[in-house]
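Peer 1: Predicted structure and sequence below. I'll ask about it afterward.
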Amino acid sequence: MSENPLKALSEYTHFLSQLQHHPTVERSTVVVWSNSPYTGTAEGEVWFKGNLRLRMREEIDFDAELITSYGYEVYRGDEKLYWYDDFPHPQEPSLATTFPHHKHIPPEMKRNRIPAPNISFTRPNLPVLVQEIEALIAQA
């Protein structure tokens, strides 16, 4: 496998399949499919110990080796804890350091946004998300 699994559908599929072998993951429905010879979509949910769940969707350009769009939501049971998205908010100077990447957090999650320095278009975000969820498991 190449250094960057965003290079090909088969490599990203293999990368995602490794998630199921992670000790905190109970099950996953994440799949990736091709929309064209050069693009794909990864979508599904990952259930973790501690009643935590990640819902994700990524649009990927394998030719450019980029995630072109994403949305990640984290839940405990049915309660949404936070989410990440790449919708630009140029009017918010506090988000400029990681533009357009940001995280929505309580209270008033829709409007309460903070920078997301570890989220990227150029590398898989799942390792960052899993590490963050594992920290929540450890806190419980």
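Peer 2: Ah, there it is. Numbering: from 1, shown residues only.

Peer 1: what does the model give the most far-flung residue of the chain relative to its centre for pLDDT?
Peer 2: If you look at how far each residue of the chain sits from its centre, by Cα atoms, centre = their mean, the farthest one is residue 91, at 24.0 Å. Here, the pLDDT recorded for residue 91 equals 89.

Peer 1: I'd say residue 6 and residue 65 touch.
Peer 2: Yes: with contacts counted by Cβ atoms under 8 Å, residue 6 reaches residue 65, the gap being 4.6 Å. Bear in mind the C-beta positions are built from the backbone N, C-alpha and C, glycine included.

Peer 1: Now do the shared contacts for those two.
Peer 2: Taking Cβ atoms under 8 Å, 6 or more residues apart in numbering as the criterion, residue 6 and residue 65 both touch residue 122.

Peer 1: Looking at the two, which has the bigger crowd around it?
Peer 2: residue 6 (22 against 16; other Cβ atoms under 10 Å).

Peer 1: is it true that the more buried one lies in a helix?
Peer 2: Yes: the assignment for residue 6 (DSSP: H, G, I helix; E, B strand; the rest coil) places it in a helix.

Peer 1: Would you mind measuring from residue 62 to residue 54?
Peer 2: The gap separating residue 62 from residue 54 is 22 Å, by Cβ to Cβ, to the nearest Å.

Peer 1: which residues make contact with the longest helix along the chain from outside it?
Peer 2: Across the chain, the longest stretch assigned as helix under DSSP state H is helix 126-139. By Cβ under 8 Å, 6+ apart, the residues outside helix 126-139 that reach it are 15-16, 19, 22, 24-25, 48-50, 52, 54, 56, 72, 74, 76, 81, 84, 118-119.
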